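Colleague: Kindly return the folded structure for what I paste below:
(one chain, ligands or ions: 2)
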Amino acid sequence: MNDTLFAIEHVSYGYENAGTGQPLALNRVSLEVKRGDYVALLGHNGSGKSTLARLLNGLLLPTSGQVLVDGMDTRDADARQRIRELVGMIFSDPDNQIVATLVEDDVAWGLAARGWPKPRIVERVGAALDAVGLAEMRGRPPHQLSGGQRQRLAIAGVLALQPACIVADEPTALLDPRARGEMVALLHDLHRTHGLTVVHVTHLLEEAALADRIIVLQAGRVILEGPPAAVLADLDRLRALRLVIPELAELGQRLREHGIYIPADALSPQALVRALEATR
Ligand SMILES: Nc1ncnc2c1ncn2[C@@H]1O[C@H](COP(=O)(O)OP(=O)(O)OP(=O)(O)O)[C@@H](O)[C@H]1O
Ligand SMILES: [Mg+2]
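Modeller: Ligands and ions are numbered 1, 2, ... in the order given. Next comes the predicted model:
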């Protein structure tokens with residue numbers, strides 16, 4: 001098994017329908033993501049996050065450069081099915097991914113399409129629904145589920161195929177604050193307990209702060225990369241990238257200016273309280 005899950009080498013991407021003179025959506029991006037990483041892709045609107053996400057499982061193919069997934073080139077048509085099994089995608093709107101009229105049938109869909117025997121499907125569907133906390137909803141039609149539950153259903157459909165990685169492109173964008181928190185917690189739980197690699201696309205610093213590593217995109221280039229505490233230490237730079245600075249980040253910065261040490265990635269009330277307690 002390959003320790004490097006994604007090797008992105010000098011990748012550029014230009015949309016064919018982009019007008020002449022339009023800058024590339026991605027411009028010579030090189031990155032590596034190891035198995036078991038939790039990576040946040042952070043950037044303002046139009047910075048190239050979704051383009052990069054779609055290159056990770058061959059939904060888009062690089063205009064130049066190459067994307068290797070577990071050593072397989074996404075341009076290799078023979079490898080594409082295997083790559084799609086390794087890398088599951090989640091988008092903002094789960095309704096684009098829900099296909100069946102019952103929750104359990106929806107999760108079974110991908111396995112049934114691959115001709116799996118019924119008993120093994122039932123087993124996998126049960127495990128996937130348990131993992132996302134929807135076991136009790138299995139007999140319900142998806143439209144009776146809340147937005148947050150439907151997003152978890154979409155994740156169960158992906159998990160049933162036992163991917164190595166979930167690429168989630170702004171998975172919380174349509175959710176209310178509570179469901180948003182639950183979705184982020186679920187992704188971290190899947191990372192911790194199932195060893196899944198997660199690539200979490202977001203424009204929210206609060207979400208990115210929880211990752212192991214943040215990759216910041218601007219105008220199709222990687223301009224900053226590192227652990228959250230390092231990336232979030234320079235709020236002026238992030239402000240210049242038109243990212244919304246959370247109030248707690250401002251508060252942390254002011255406290256640091258007064259000599260009270262608050263780590264730059266303490267962006268939740270809980271993290272701030274923990275940091276303050278540690279200073280006593
Ligand atoms: N289908 C498309 N056709 C032409 N240009 C596109 C297309 N999709 C994206 N682009 C352009 O490519 C660039 C990168 O877009 P992308 O969607 O990857 O950014 P993003 O960071 O995901 O933005 P957002 O935060 O709005 O989702 C932008 O300039 C965008 O206008
Ligand atoms: Mg996007």
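
Colleague: switch to C-alpha atoms for all contacts and neighbour counts from now on
Modeller: Will do.

Colleague: Span of stretch 66-83 from start to end?
Modeller: Terminal residues of stretch 66-83 lie 14 Å apart, using CA to CA, to the nearest Å.

Colleague: next one: stretch 41-58
Modeller: 18 Å.

Colleague: Contacts made by that stretch with the rest, please.
Modeller: Residues outside stretch 41-58 that contact it (CA atoms under 8 Å, 6 or more residues apart in numbering): 6, 13, 25-26, 60-62, 67, 69, 74-75, 80, 83-84, 87-89, 167, 169, 199-205, 208, 214-221, 241-243.

Colleague: Which of the residues you listed are buried, as a PyMOL select command?
Modeller: Typed into PyMOL, the next command selects the buried ones out of those (criterion: 16 or more other CA atoms under 10 Å):
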select buried, resi 6+13+25+26+60+61+62+67+69+74+80+83+84+87+88+89+167+169+199+200+201+202+203+204+205+208+214+215+216+217+218+219+220+221+241+243
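
Colleague: Which of the contacts of stretch 41-58 fall in strands?
Modeller: Using DSSP state E, the subset of the contacts of stretch 41-58 located in strands is 6, 13, 26, 67, 69, 87-89, 167, 169, 199-202, 214-218, 221.

Colleague: and the most centrally placed residue in the chain, how far is that from residue 213?
Modeller: The centre of the chain sits closest to residue 200, judged by CA atoms, centre = their mean, with a distance of 2.0 Å. The gap separating residue 200 from residue 213 is 10 Å, by CA to CA.

Colleague: surely residue 101 meets residue 141?
Modeller: Yes - using CA atoms under 8 Å, residue 101 is in contact with residue 141, at 5.3 Å.
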